[in-house]
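In: This is a predicted model, with the sequence first.
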Amino acid sequence: EGQHQGDKVGAGGQLGNNPPASTSSTNTLSNTSESNLKPPSCKRRKLHRRKRKPEILALNHDNVSIYSLPQELILLFVENLDLQSALAFLRTCKHFHSMLHGCESYWRIMCHKAEFCVTSCLEHLPDQQDGFAGKPMYLNREEEEGYGTWSTIWRRGIQLRKNITTSNYKGWRLFCNSACPIVELAPDLDMNLVKQKLGDFPRLSHNDDLKLDWDDKYLVVFHFLRGETETCKIRLWDIEDKPRFLYEVDKGTECITDKVFIHTGYVVIVPSWPLETQALVMTLDINDNMKEKGRYLFPNEETQLALDNHWDHTQLRVVCGHALVTCRAPDWRLLVTSLPDCQVKRQIDLTVSHLYECSQIRSYKGTAVILFHHKAKQEESCLVTVDITPSGGAEIRSTHYTWGVTDVAVYTDPEEIYAVLRDGSLDMYDANNRKMTRKIHDPFGGHNGGAGASGSQRPVSLQSSSNSSIENCEFQLFVNGKEQIYIVQSAPEAASGRSVRVFNHQGEPQYSVNLDLAKYGLSRDESVCVYTHAAFLLVADSKKFVMFDVKKGNFMGIMNIPCHLERSKGKEDKDCMYEQSSLGMFVFDENRLLAVHDYERNFPAVIDIYSFW
């Protein structure tokens, strides 16, 4: 054993030193004969060490670079880049292009960064057709051969964005008209022929009104005809794919309403004549020609009469699959009813004064915030936070009196309640502790408060209602998840002008857009509507959509709204509810844009639907 150990040491010593050139042949023969006596295990170890020698020497060279990194590390690096940088990295050199171009993991990361993964419409390739701009809307099937799932989604998503920026869409206009309820918008559409198809129908009188709502599948329009008698005509469209008109039905005063919601195949309403209708809340079955499915009214006659006297205070919202109703009868009450049978699950008396009126209900998942305003002093407001469970349970978490709140946005996980003030400042509301904290201080140039300060006290700029720069402003709030906050001043009469101020989630300014620049062409006679998309910030008046990059605010283009018929069937300006003509609202989700027209002036045109995929 000692001899073998000595041999091992000697063998190991020879690995690092070359034998001297003067070694005699006799010694060589002696060493050879001794090596033949060594066990096989020693030989294996010796050979193994000799194989590793070149690797050890290779590590001493300075030939390691970024090109030596494996694909897994490169993908980790790409995940920490923004979209533009990750795409630029692909084009850096031939080496990385060859590594990543055919890598599905890379394209999966890119689709998530561009938010193509949430657009379910990209999973299917429709049959090729030309859009409004006269260009093909989709990729050819031959162009997708040989590509993986994520690289295909990426290519389709890029084509979708091109369709948006080039106004290449399939469009439809829906009319509140029995003879011609829908037309397809095309460049060669003859508007005079459309007028003839609409036929002769009465003008929208000063007492008539329209209410509408939609979900992913249906769009419903209530047309109230108020003459010697009051009647209601309900029209229904299927808008899940290509819009198509389904049916219309005549109803009486029981369907005259100010609040309409579509929920899982039913229409939920609060009748404007609760005593005559014998219903505070009612549901209509879409699949059964709008037949009544359920209703509820207070059993006490005195309460019924008080409700009927204060019918205009009633508000409705569907939360967690239940109808959430606020009403005065004669005190403020909150009801939660099941749907569609309208059975009461919870009734709560609110501690809000009669001097306040309910302005809006905002909700997200199981949290609802009800905003009240003082009738005489509009700057005084009250926030009531309600927690609703899927079983229909409801509890008032807090009631908080504050100043100057004009709009509220609610998000959960974690919970965030945003409150916009009359001067455009943004507060964060803690409903548990009833505390307002300033997040964005006076973005349009006032002089109140400071960032991070408490927002519960009355701001200096709200102490006087004579401040015209505040009174003429119309502020809108949009929150893009946990990324960006948009505060919009949309009124053209305001001294500060119309603009969009964009902040990150921490409240730090990112960019602003001046909406009064001549190159955008937005009418000065109208307020503007704003909506955010995964890639675009859209600003619209009654004639066009102006597109900006949602991340940086760069101007990207204009999409014109197809022209309307002459305004011979709408209301006269003196009879309209709103002084300025504009879009009522619009919603831009995934591949589809829905624009609600100023139906008082553009009657019978109600809504346009633009599909970009």
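Out: Thanks, I have the structure now. Numbering: from 1, shown residues only.
In: can you give me the helices for the stretch 201-350 of the chain?
Out: 274-277, 301-309 (DSSP state H, counting those that start in this stretch).
In: Can you check which of these gets nearest to residue 129?
Out: The closest of these to residue 129 is helix 274-277. By Cβ to Cβ, the value is 46.7 Å. For every residue, glycine as well, the C-beta is placed using N, CA and C.
In: List of residues touching that closest one?
Out: Helix 274-277 has contacts (Cβ atoms under 8 Å, 6 or more residues apart in numbering) with 253-254, 271, 280, 295, 297, 304-305, 307-308, 311, 314.
In: coming back round to it: out of the helices of the stretch 201-350 of the chain, flag the one nearest residue 195.
Out: Nearest to residue 195 among the helices of the stretch 201-350 of the chain is helix 274-277; the distance by Cβ to Cβ comes to 37.0 Å.
In: wait, what's in contact with residue 252?
Out: Per Cβ under 8 Å, 6+ apart, neighbours of residue 252: 230-232.
In: do residue 410 as well
Out: Counted by Cβ under 8 Å, 6+ apart, residue 410 has contacts 362-364, 367-369, 416-418.
In: As TSV, those residues with pLDDT would be great.
Out: As requested, these are exported to TSV (pLDDT from 0 to 100):
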residue	pLDDT
362	94
363	94
364	92
367	95
368	95
369	96
416	93
417	94
418	94
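In: What is the nearest of those to residue 100?
Out: Of all the contacts of residue 410, residue 416 has the smallest distance to residue 100: 36.8 Å, by Cβ to Cβ.
In: What separation is there between residue 329 and residue 357?
Out: According to Cβ to Cβ, to the nearest Å, residue 329 stands 14 Å off from residue 357.
In: the more surrounded of the two?
Out: It is residue 329, of residue 329 and residue 357, that has more neighbours when counted by other Cβ atoms under 10 Å, with 23 against 16.
In: Around the closest residue to the more buried one other than its chain neighbours, count how many other residues there are.
Out: Distances taken as Cβ to Cβ, 6 or more residues apart in numbering put residue 307 closest to residue 329, at 4.1 Å, once the chain neighbours are dropped. Neighbourhood size, residue 307 [other Cβ under 10 Å]: 22.
In: Let me see the contact set for residue 307.
Out: Applying Cβ under 8 Å, 6+ apart to residue 307 gives the contacts 274-275, 280, 297-298, 314, 327-329.
In: can I assume residue 605 is in contact with residue 564?
Out: Yes: at 5.8 Å, residue 605 counts as touching residue 564 under the criterion of Cβ atoms under 8 Å.
In: hmm, back to that, and of the helices of the stretch 201-350 of the chain, who's closest to residue 493?
Out: Among those, helix 301-309 comes nearest to residue 493, with 35.6 Å by Cβ to Cβ.
In: just checking, which of the contacts of residue 252 belong to strands?
Out: Among the contacts of residue 252, the residues falling in strands (DSSP state E) are 230-232.
In: Just put the residues you listed in JSON lines and tack on distance to residue 91, pLDDT and neighbour count.
Out: Shown next, in JSON lines, are the ones in strands among the contacts of residue 252 (distance: Cβ to Cβ, whole Å; pLDDT from 0 to 100; neighbours: other Cβ atoms under 10 Å):
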{"residue": "230", "distance to residue 91": "65", "pLDDT": "84", "neighbour count": "15"}
{"residue": "231", "distance to residue 91": "64", "pLDDT": "89", "neighbour count": "15"}
{"residue": "232", "distance to residue 91": "60", "pLDDT": "92", "neighbour count": "22"}
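In: quick one: which of the contacts of helix 274-277 is most hemmed in?
Out: Neighbour counts for these peak at residue 280, which has 29 neighbours (criterion: other Cβ under 10 Å).
In: May I have the residues that are in contact with that one?
Out: Contacts of residue 280 by Cβ under 8 Å, 6+ apart are 270-271, 274, 295-298, 307, 314, 325, 327, 335.
In: State the distance from it to residue 269.
Out: Distance from residue 280 to residue 269, by Cβ to Cβ: 10 Å.
In: try residue 177
Out: 22 Å.
In: Would you mind pulling the contact partners of stretch 136-146?
Out: Applying Cβ under 8 Å, 6+ apart, the contact partners of stretch 136-146 are 125-131, 152, 155-156, 159, 163, 168-170, 612-613.
In: Quick check: buried residues in it?
Out: For stretch 136-146, burial by neighbour count (16 or more other Cβ atoms under 10 Å) applies to 137-139.
In: And stretch 425-444, by the same measure?
Out: For stretch 425-444, the neighbour count (16+ other Cβ under 10 Å) marks 425-431, 434-436, 438-444 as buried.
In: What does residue 207 show for phi and psi?
Out: phi -90, psi -10 (degrees, to the nearest 10).
In: shaky segments in the chain?
Out: In the predicted model of the chain, residues 1-62, 445-471, 578-582 satisfy pLDDT under 70.
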